[in-house]
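Colleague: Have a look at this prediction, sequence included:
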Amino acid sequence: MVETSQKAAVNLNQPRKLRVIAMTVHEKPTEAVLIQAPGDVYGAEEIPVLLTVKQFSKKHPAFPEGGLRHRIFHAKSNGLAESGALVRKLKRVYLNEAKFFAWVQGAAQ
């Protein structure tokens, strides 16, 4: 229990109720226009789906996390690195969904 400056006891373990104020906009909605900036590699329909190992494994249960991490660890020797399916940003590793499945199909042949 914590006492506030108004001498009212507040229990911090109880969830607080928040009041939401709804606002209405009187303007008519406008259509969204997609403008491709110079230097954009992907258009609106070609944005790649990048997933972490956990997200990929959850979305595709046929590929467990351990198996994916094994493939990523041996990416140089199994061709996964050359396929472009791995995106390494800082300490994170993302899998490009489309390129990963293209690699799986190519590796199976």
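Modeller: Arrived safely.
Colleague: show me where pLDDT drops low in the chain?
Modeller: Low-confidence segments of the chain, defined by pLDDT under 70, are located at 1-45, 107-109.
Colleague: how about the strands of it, start to end?
Modeller: Counting by DSSP state E, residue ranges of the strands within the chain are 2-3, 9-10, 50-51, 86-89, 92-96.
Colleague: looking at those strands, which is buried most?
Modeller: The highest mean neighbour count among these, using mean count of other Cβ atoms under 10 Å, belongs to strand 92-96: a mean of 18. C-beta: built from backbone N, CA, C; applies to glycine.
Colleague: Can you spell out which helices and strands pack onto it?
Modeller: Here strand 92-96 is seen to pack against strand 50-51, helix 53-59, strand 86-89 when contacts are counted using 3 or more Cβ pairs under 8 Å, 6 or more residues apart in numbering; DSSP states H and E.
Colleague: For Thr52, give me its contacts.
Modeller: 92-95 (Cβ atoms under 8 Å, 6 or more residues apart in numbering).
Colleague: export those to CSV and tack on distance to Ser57?
Modeller: As requested, those are exported to CSV (distance: Cβ to Cβ, whole Å):
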residue, distance to Ser57
Arg92, 15
Val93, 13
Tyr94, 13
Leu95, 10
